[in-house]
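J.: Need coordinates for the below:
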Amino acid sequence: MGVAVSGWPLAKAVSQQGQLGVVSGTLLAVVLARRLQQGDADGHLRRALAHFPVPEAADRVLKTWFVAGGKSSGLPFKAVPMPALSAGPAFTELTVVANFVEVFLAKEGHRGVVGLNLLEKIQIPTLPSLFGAMLAGVDYVLMGAGIPRAIPGVLDQLARGEAVELAIDVEGQAGGTQTTRVTFDPQIFCKGAVPALHRPFFLAIVSSATLALTLARKSTGRVDGFVIEGELAGGHNAPPRGPMQLNTAGEPIYGPRDIPDIGKIRELGLPFWLAGAHATAETLASARDQGATGVQVGTAFAFCKESGIEPALKAQAISLIANDHAAVYTDPLASPTGFPFKVLQLASTLSNPARYSGRPRVCDLGYLRQAYTRPDGCIDYRCAGEAVGNFIRKGGTHEAAIGRKCLCNGLLATVGLGQIHGNYTEPAIVTAGNDVSHLSRYLSPGQTSYLAADVIRVLLGIEPTPVSTAQYPLTKFILSPSTS
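T.: The predicted structure follows:
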């Protein structure tokens, strides 16, 4: 789902209808800093900051980033510290506060359940992100794009107010992967007064029974369930098993080996949800017939009124759908992570070759950078989406840089937070699953927009019932969009 598409308004809307609303945790420090610079016109962010349990931290964030009345539309956003082992306390503090704000607002005023989705691939912000969300009472943590074996144990420790650490992958000189560690201590952050925290349920996002089995048996703590994501889902997809082959359109070819063995997953005895083109009453029923607890829905929610996508981009997408011209391309090169990434073809975005070729290759956010060891033994960072010369100078190859897109900047532009470089404004990039061509099923006759409640109504075949009491965990939820 990308960055801030499933923000707190969408997660709240889904949660209020009795389902599990999930906020994207990707780049939340940047999202908060930029929205404060836009002036927080409705006051929601400042209201959440007033509830942060370490007031002096919230005050520093507000003093650093808030611009009364909003910055001039022609001025760039102030730079946020990039994730790095040496990023320092300001980066950690902003990350904790940003995750608290997002979850607090998603949970405010009702008793539904809310989850936070993070990417295993983005490692450095993970510990402060989890702590900030737990300070706000997050109910679920979902994580994919890797093998998040350490996260269940981290949640256990944070719930007890203990210091935690996480291994960070570092590419070695010989091509192998080494690790270093980042740490986070709640006692230090809260100056010894850590509030009581409950341990959220942990759902791992996986694409195979083998990975589910590994996580169920070898994680550092309790795994509470799985989201089984197929290659029709939006965002990042798992690569095909074996050497990647492309079809005539240049997309990865998936085969029988890439179909998850639902029977083996069911034998684990843990709840699971199916994801990827499961946004109909029929696919929900089929998922339950296979033993699933429910389904995760991304694309259908991504284009509803409550999502964070800019209204003009939503309108373009829905217009294409109405004329049967909506097209999604599984790009094997777009993501600097090396994972296939689904892109909705829109002329105004980076999916247009002319927009892509006209964008200066700038890496000024750094969330998808890879840590590596320099010849002198020091750790540095490189991204296949940065300027090609810089990437090669850091040990990357020209081939690895071809076709890479800056997802950090592009996805922020998708939600109205694009950076300005002189006379150039970062273009958007929109991700969606293959189900995007069927969004018209949620539109009433004569309408060009729809609500999250309309999606749930179609899925359940009934009018959704707003939440009035706390929902018990691990019931038959529909999961709102997460980050892929």
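J.: When you work out contacts or count neighbours from here on, use the C-alpha atoms and nothing else.
T.: Will do.
J.: quick one: pLDDT of the spatially closest residue to Arg241 that is not a sequence neighbour?
T.: Of all residues not flanking Arg241 in the chain, Asp258 sits nearest, at 6.3 Å (CA to CA, 6 or more residues apart in numbering). On the pLDDT scale, Asp258 is placed at 88.
J.: For Asp258, grab phi and psi.
T.: phi -90, psi 0 (degrees, to the nearest 10).
J.: part of a strand, is Ile205?
T.: Yes: Ile205: assigned to a strand according to DSSP: H, G, I helix; E, B strand; the rest coil.
J.: what about it, distance to Val5?
T.: 18 Å (CA to CA, to the nearest Å).
J.: now do Lys191
T.: 34 Å.
J.: The two: who's more crowded?
T.: More neighbours sit around Val5 than around the other of Lys191 and Val5, counting by other CA atoms under 10 Å; the figures are 29 against 10.
J.: Once you drop chain neighbours, what's closest to the more buried one?
T.: Gly308 (4.1 Å).
J.: what helix or strand is Asp156 on?
T.: Using DSSP states H and E, Asp156 sits in helix 151-159.
J.: could you point out which element follows that helix?
T.: In N-to-C order, the element after helix 151-159 by DSSP H and E is strand 164-171.
J.: buried set for that next one?
T.: For strand 164-171, the neighbour count (16 or more other CA atoms under 10 Å) marks 164, 166, 168-171 as buried.
J.: quick one: which of the residues you listed is nearest to Pro148?
T.: Leu166 (10.4 Å; CA to CA).
J.: The closest one contacts Gln157, doesn't it?
T.: No: using CA atoms under 8 Å as the test, Leu166 is too far from Gln157 to be in contact (12.0 Å).
J.: what is in contact with these two at once?
T.: Counting by CA atoms under 8 Å, 6 or more residues apart in numbering, Leu166 and Gln157 have no shared contacts at all.
J.: could you give the angle of the helix holding Asp156 to strand 164-171?
T.: Interaxial angle of helix 151-159 relative to strand 164-171 (axes from the mean of the first three to the mean of the last three CA atoms, to 10 degrees): 140 degrees.
J.: who touches helix 151-159?
T.: With CA under 8 Å, 6+ apart, helix 151-159 has contacts from 130-131, 134, 163-165, 186, 196-200, 202, 219-223.
J.: quick one: low-confidence ranges for the stretch 1-150 of the chain?
T.: Counting by pLDDT under 70, the stretch 1-150 of the chain has low-confidence residues at 1.
J.: Going along the chain, name the strands of it.
T.: Secondary structure of the stretch 1-150 of the chain (DSSP state E, counting those that start in this stretch): strands at 21-24, 114-119, 140-144.
J.: Over to the stretch 251-400 of the chain?
T.: Under DSSP E, counting those that start in this stretch, the stretch 251-400 of the chain gives strands at 272-275, 294-296, 328-331, 341-344, 370-373, 379-382.
J.: quick one: contacts of the fourth one?
T.: Translated: strand 341-344. So strand 341-344 is in contact with 234-237, 326-335, 351, 429-433, going by CA under 8 Å, 6+ apart.
J.: how far out from the middle of the chain is the longest helix along the chain?
T.: Secondary structure of the chain read by DSSP state H shows that its longest helix is helix 89-107. Centre-to-centre, helix 89-107 and its host chain are 15 Å apart (CA atoms, centre = their mean, to the nearest Å).
J.: What is it packed up against?
T.: helix 8-16, strand 21-24, helix 28-37, helix 44-50, helix 55-65, strand 114-119, helix 126-135 (3 or more CA pairs under 8 Å, 6 or more residues apart in numbering; DSSP states H and E).
J.: Can you say which of the ones you listed is nearest to Gly358?
T.: Taking the helices and strands packed on helix 89-107 one by one with CA to CA, helix 28-37 is closest: 24.3 Å.
J.: rewinding a little: now do the longest helix of the chain against helix 55-65: the angle between them, please.
T.: Helix 89-107 and helix 55-65 are oriented at 100 degrees to each other (the same axes, to 10 degrees).
J.: which outside residues touch helix 89-107?
T.: 7-12, 23, 25, 28-29, 31-32, 44-45, 48-49, 52, 57-58, 61, 80-83, 113-116, 125, 128-138.
J.: Distance of Gly25 relative to Arg359?
T.: 26 Å.
J.: So the two - more neighbours on which side?
T.: Between Gly25 and Arg359, counted using other CA under 10 Å, Gly25 has the larger neighbour count: 33 against 15.
J.: contacting residues around the more buried one?
T.: Going by CA under 8 Å, 6+ apart, Gly25 touches 3-4, 99, 116-118, 129, 483.
J.: hmm, try it at 10 Å
T.: Shown in contact with Gly25 (CA atoms under 10 Å, 6 or more residues apart in numbering): 2-4, 6-7, 31, 95, 98-99, 102-103, 115-119, 125-126, 129-130, 133, 141-143, 482-483.
J.: what's the answer for Leu85, then?
T.: 124-125, 168, 180-183, 371, 379-380.
J.: Mind doing that once more with 8 Å?
T.: Applying CA under 8 Å, 6+ apart, the residues near Leu85 are 124, 182.
J.: now Arg35
T.: Leu417.
J.: Do you have the helices of the stretch 301-450 of the chain handy? List them.
T.: 311-322, 353-357, 388-393, 398-401, 407-414 (DSSP state H, counting those that start in this stretch).
J.: What pLDDT does the model give Gly446?
T.: So Gly446 comes in at 83 (pLDDT).
J.: I'm done for today, thanks for sticking with me.
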